[in-house]
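A.B. asks: Generate coordinates for the sequence data below:
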Amino acid sequence: MTKVRMNPIVSKDLKVTSRSMKFSWSLFAYEGVLTIAFLLTMLANNTSVRYSGPNNTQIYRNYSAFFPTVGVFQLVIIGLIVPIITATSISGEREKKTMDVLLTTSINTSSIIIGKLASAVIRVMIYVFASVPLMAVSFIIGGQRWSTLIEYIILAFIYAIFSGSIGIFCSSVCKKTITAVVLSYVIYFGIYAVTYVPSLVHAMTRGDSDGLLFTMSLELINPVHTFIIFFTDRLSNISLGQLMSVGSFWKWLYSTNVWLTISVFVQLGIAALFVMFSSKRLKPGEK
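C.D. replies: Now for the predicted structure:
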């Protein structure tokens, strides 16, 4: 039977993380915040029952709002934590003077980059899976479809890869950790905010269809837009295209999974490019 060999970088980082009380306490604090949010939701539902009567089915519908609340909160956490974890991975090794030693081992540069990225993604996904029991309330009581939860976990996983690849790239380019973290957030701001600027200009100027194709294609690289489409379609049963003044083709793209699928592959492709550029930046003896 063939034994699957784990990436040594992932194995080392996960062992260090599992033995760290800092990570354990941070996970405990994260669960505590989610528990408080859950209790506040219960309190709000109980209050609504007092005024509307015990037979009101609205109490069950209110629980469905807990899923997007926790889901968005987790995405914010991913966006804040992943840059710090990944942007310190390579530059931190340089500052500790251990990068040259790591590069002289049998591990190639691609395995180092992928291992650093994978260990960061795994740590982030632990937070996501830790919140699944609480989010499940929206599906057991709130009537949400379980497939929506699975889709959300997959999208969160891809989002962690996309965010982590940017942090890894900045860490391989910058010599200092602080510079890498700042550059990561600058790139994030450019992707999350600046990609919406052409759409706003197009909407205000009422441009032609060619301009619409360019602006909406640019939003494919924006994970925020991807999750807006996901939550709008899955929770309200109304696609984003129905809420916008766009043509029938665009309404069809938004009302199906075509746009989500394309955006996922585009973001994975961009992440692969960042990983490739990062591995080329690692050279023995480079300060």
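
A.B. asks: Every contact and neighbour count from this point should use C-alpha atoms.
C.D. replies: Fine.

A.B. asks: Contact partners for the residue nearest in space to the middle of the chain?
C.D. replies: With distances taken as Cα atoms, centre = their mean, the residue of the chain nearest its centroid is Tyr159 (3.0 Å). Residues near Tyr159 by Cα atoms under 8 Å, 6 or more residues apart in numbering: Pro223.

A.B. asks: neighbours around Asn108, how many?
C.D. replies: Neighbourhood size, Asn108 [other Cα atoms under 10 Å]: 13.

A.B. asks: The helix or strand hosting the residue nearest to the centre of the chain: how far from the chain's middle?
C.D. replies: Applying DSSP states H and E as the criterion places Tyr159 in helix 146-173. Relative to the chain's own centre, helix 146-173 is displaced by 4 Å; criterion: Cα atoms, centre = their mean, to the nearest Å.

A.B. asks: So which bits of that helix are buried?
C.D. replies: If you call a residue buried by 16 or more other Cα atoms under 10 Å, then helix 146-173 has these buried ones: 148-149, 152-153, 155-173.

A.B. asks: For Ile85, give its distance to Glu31.
C.D. replies: Per Cα to Cα, to the nearest Å, Ile85 is found 20 Å from Glu31.

A.B. asks: okay, and for the stretch 51-200 of the chain, where does confidence drop off?
C.D. replies: 51-63, 100, 142-143, 198-199 (pLDDT under 70).

A.B. asks: And the helices in it?
C.D. replies: Using DSSP state H, counting those that start in this stretch, the helices assigned to the stretch 51-200 of the chain run over residues 58-62, 66-87, 89-95, 99-103, 109-130, 132-140, 146-173, 177-192, 197-205.

A.B. asks: To Ile228, which of the ones you listed lies closest?
C.D. replies: Of all the helices of the stretch 51-200 of the chain, helix 66-87 sits nearest to Ile228, with 9.9 Å by Cα to Cα.

A.B. asks: got the angle for that closest one vs helix 146-173?
C.D. replies: Here the directions of helix 66-87 and helix 146-173 differ by 20 degrees (axes from the mean of the first three to the mean of the last three Cα atoms, to 10 degrees).

A.B. asks: got the CA coordinates for helix 66-87 in CSV?
C.D. replies: The C-alpha trace of helix 66-87 is given here as CSV (Å, rounded to 0.1, in the frame of the first residue of the first chain):
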residue,chain,number,x,y,z
PHE,A,66,-27.8,33.5,11.4
PHE,A,67,-26.0,31.8,8.5
PRO,A,68,-25.2,34.9,6.4
THR,A,69,-24.3,36.8,9.6
VAL,A,70,-21.7,34.2,10.7
GLY,A,71,-20.7,33.6,7.1
VAL,A,72,-19.8,37.2,6.5
PHE,A,73,-18.1,37.5,9.8
GLN,A,74,-15.9,34.5,8.9
LEU,A,75,-15.0,36.1,5.6
VAL,A,76,-13.9,39.2,7.3
ILE,A,77,-11.8,37.1,9.6
ILE,A,78,-10.2,35.3,6.7
GLY,A,79,-9.5,38.6,5.0
LEU,A,80,-7.8,39.9,8.1
ILE,A,81,-5.9,36.8,9.3
VAL,A,82,-4.7,35.2,6.1
PRO,A,83,-2.5,38.2,5.1
ILE,A,84,-0.8,38.3,8.5
ILE,A,85,-0.2,34.5,8.4
THR,A,86,1.1,34.3,4.8
ALA,A,87,2.8,37.7,4.5
